[in-house]
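**Q** here is the input, now give the coordinates:
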Amino acid sequence: VCEYKWQNQFSRLIDFYEQHGHAHVPDSLAGIGPWVKEQRREYHKFRQGEPSRLTPKHAMALNRIGLDWNRQNTVRREQDAVFQERVDEYMQYMEQNPGTSTASMPKKLRNWVERQRKLYRKWLQGENDMMEERRSALEDIG
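**A** Numbers count the residues shown, from 1 in each chain. Reported below is the predicted structural model:
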């Protein structure tokens, strides 16, 4: 029964991989997210020599499709994707509404722009460590 359930979830992970081109599944993704989170937890137990439900065979299968065992890497990718979506949304808005101020933007976009400007000013003052890619993207869009 356990093997059947594992194979069923792994099959769902393969479907995700084929659809998205990667196995960086967010923990919040219904159904498969919690399962991937559990696999990570069991992998870390396995690596530390603690009792684990993850078999070497299963770990190898997950490695073959590129599952990132470090959740923080997945979170970072999610955050980077959201950042890029907002950059694209901002650029599209400004292209369709040239010369408008942030006050006329939709609230979600306006809040994002104001937050990015605040973070950028803090970076200029040496108060935070803004990632190079984000700083460059913000400088490119003005």
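
**Q** so L67: helix, strand or coil?
**A** Per DSSP: H, G, I helix; E, B strand; the rest coil, the secondary structure class of L67 is coil.

**Q** let me know the pLDDT of the closest residue to L54 other than its chain neighbours.
**A** Excluding its sequence neighbours, the residue lying closest to L54 (Cβ to Cβ, 6 or more residues apart in numbering) is E42, at 3.8 Å. In this view, the C-beta of every residue, glycine as well, is placed from N, C-alpha and C. At E42, the model reports a pLDDT of 93.

**Q** which strands and helices sit next to the strand or helix carrying V36?
**A** Element membership of V36, judged by DSSP states H and E, is helix 32-47. If contacts are counted by 3 or more Cβ pairs under 8 Å, 6 or more residues apart in numbering; DSSP states H and E, helix 32-47 sits against helix 2-20, helix 56-64.

**Q** check contacts around the spatially closest residue to Q84 that is not a sequence neighbour.
**A** Once flanking residues are discounted, Q84 sits nearest to A137: 7.6 Å by Cβ to Cβ, 6+ apart. The contact partners of A137, by Cβ atoms under 8 Å, 6 or more residues apart in numbering, come to 83-84, 87.
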